[in-house]
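A.B. asks: sequence and computational prediction follow.
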Amino acid sequence: MKIASLAGVVLALTAVSVTAPAASATPGGHGHTPAHASSKHIPFTSATVTAGDDGSYRIVWKAPGVRQVVVRAAGRTVARGGATGDVTVRGLPAADRQWFDLVPQQGGSLHLADRLVKLDGAVNFRDAGGYRTGDGHWVKMGEIYRSDALNKLSDADLAKLGRLGIHAVYDLRMESERSSAPDRVPSGASYTVADVLAGSSTLTAMPTTEAEAVRMMVDGEKFMVSGDSARAAYTTVYAGAAAGDGVLYHCTAGKDRTGWSSAALLTALGVPRSTVMNDYLASNTYRAAANAATLAAMPPAQAAVYKPLLDVRAEYLNSGFDEVRAQYGDFRSYLKDGLHMDARELRDLKRELLVG
């Protein structure tokens with residue numbers, strides 16, 4: 001199986017029309033970061049916000065050694081707790097995205113929102129930040145976003161993204177995808193093509209067995225690490241991420257090319273592998289209804305072959321990290337030799353995206 005068919009198959013098979021709420025945990029955020037957050041140690045070891053379908057928000061945290069945590073939203077205190085907390089907040093006014101400040105008695109605060117940004121025309125549009133690094137920093141929320149295709153965004157979606165501060169869009173798709181389903185971009189945002197699979201050979205034949213489909217996905221993940229066009233594309237995206245906030249990168253399903261973009265970015269920032277894997281696998285949750293509808297429309301035998309193309313699996317992402325080791329020896333060398341990110345540029349990236 002050749003690599004480029006990965007994009008074509010995903011383009012042909014992925015549908016867009018479901019919203020699946022999911023948890024998020026974060027500090028920072030476009031236009032919302034408390035002034036002291038970037039300089040003080042943040043005592044939280046975990047924190048999540050989960051939006052309910054009824055307009056409620058569940059906030060859960062752990063902050064060992066902290067006696068009191070105040071939760072603030074919409075300009076007022078909405079909850080209090082101790083070193084651990086699990087509270088549900090109701091009755092907040094409607095907002096494009098509801099933010100919460102978790103303010104400990106000592107140390108830096110966190111700025112949190114549910115990870116999913118609910119849109120009419122996309123199902124996998126979510127914050128790429130909000131994770132704790134191995135050394136206790138946090139990846140800012142409200143700075144970097146990841147998504148599936150943008151061609152079905154409504155006018156209301158575009159207005160929302162404009163209000164959320166999306167300033168730069170990076171399109172990871174092939175030319176055929178871009179021409180058949182051109183992006184709708186928020187007013188004033190820049191648009192950059194960062195074609196991960198540009199120039200790779202195209203295969204028209206579909207896989208005929210489940211094993212062939214899995215191999216296609218594994219080979220595709222490896223290409224995202226070592227393919228020339230892939231390395232050029234991700235170099236462009238990360239340079240944009242280091243230059244400012246309001247960055248969005250996306251492909252067709254928001255799970256493979258976009259999935260490696262987030263996995264590599266988070267790893268570069270120091271986020272543990274288990275957290276990176278969970279973020280990658282979350283596409284199965286966000287895309288569950290759309291994928292199920294696609295497979296239900298097929299005969300069972302065909303669905304069995306196509307399901308691996310719609311999934312994200314640990315095997316796929318692990319093959320990308322295996323390719324890093326095989327081609328570069330370690331991840332730092334991949335950044336330096338594969339993506340041309342030297343130590344200074346990595347420091348700039350961390351300075352832009354980490355707090356605490």
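C.D. replies: Ah, there it is.
A.B. asks: buried residues, stretch 161-179. List them.
C.D. replies: Using 16 or more other Cβ atoms under 10 Å as the test for burial, stretch 161-179 gives 161-162, 164-174, 177-178. The C-beta positions use only the backbone N, C-alpha and C, and glycine is treated the same way.
A.B. asks: narrow the residues you listed to those in strands?
C.D. replies: Among those, DSSP state E puts 168, 169, 170, 171 in strands.
A.B. asks: tell me the bridge partners for the second one.
C.D. replies: Each beta-bridge partner of residue 169 is listed here: residue 191, residue 248, as defined by DSSP bridges.
A.B. asks: and it, how far from residue 154?
C.D. replies: Plainly put, residue 169 is 16 Å away from residue 154 if you go by Cβ to Cβ, to the nearest Å.
A.B. asks: one more: the first one?
C.D. replies: According to Cβ to Cβ, residue 168 and residue 154 sit 21 Å apart.
A.B. asks: and residue 200, how far from residue 161?
C.D. replies: Distance of residue 200 to residue 161, computed by Cβ to Cβ: 30 Å.
A.B. asks: what of residue 52?
C.D. replies: Taken as Cβ to Cβ, the span from residue 52 to residue 161 is 23 Å.
A.B. asks: one step back: out of the buried residues of stretch 161-179, who's nearest residue 191?
C.D. replies: residue 169 (5.1 Å; Cβ to Cβ).
A.B. asks: which ones are touching that closest one?
C.D. replies: If you count contacts by Cβ atoms under 8 Å, 6 or more residues apart in numbering, residue 169 has them with 150, 183, 185, 186, 189, 190, 191, 192, 248, 249, 250.
A.B. asks: same list (these) but as TSV, adding distance to residue 130 and pLDDT.
C.D. replies: Shown next, in TSV, are the contacts of residue 169 (distance: Cβ to Cβ, whole Å; pLDDT from 0 to 100):
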residue	distance to residue 130	pLDDT
150	21	98
183	25	98
185	24	97
186	21	96
189	22	97
190	24	97
191	25	98
192	24	98
248	15	98
249	16	98
250	18	98
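A.B. asks: can you select the buried ones from those residues in ChimeraX?
C.D. replies: To isolate the buried ones among the contacts of residue 169 in ChimeraX, judged by 16+ other Cβ under 10 Å, type:
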select :150,183,185,186,189,248,249,250
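A.B. asks: need the next SSE after the worst-scoring helix or strand of the chain on mean pLDDT, C-terminal direction.
C.D. replies: Ranked by mean pLDDT, DSSP states H and E, the helix or strand of the chain with the weakest confidence is helix 5-13, at a mean of 43. As assigned by DSSP states H and E, the chain's next helix or strand after helix 5-13 is strand 46-51.
A.B. asks: thinking residue 279 is in contact with residue 266, fair?
C.D. replies: Yes - at 6.7 Å, residue 279 and residue 266 qualify as touching, with contact defined as Cβ atoms under 8 Å.
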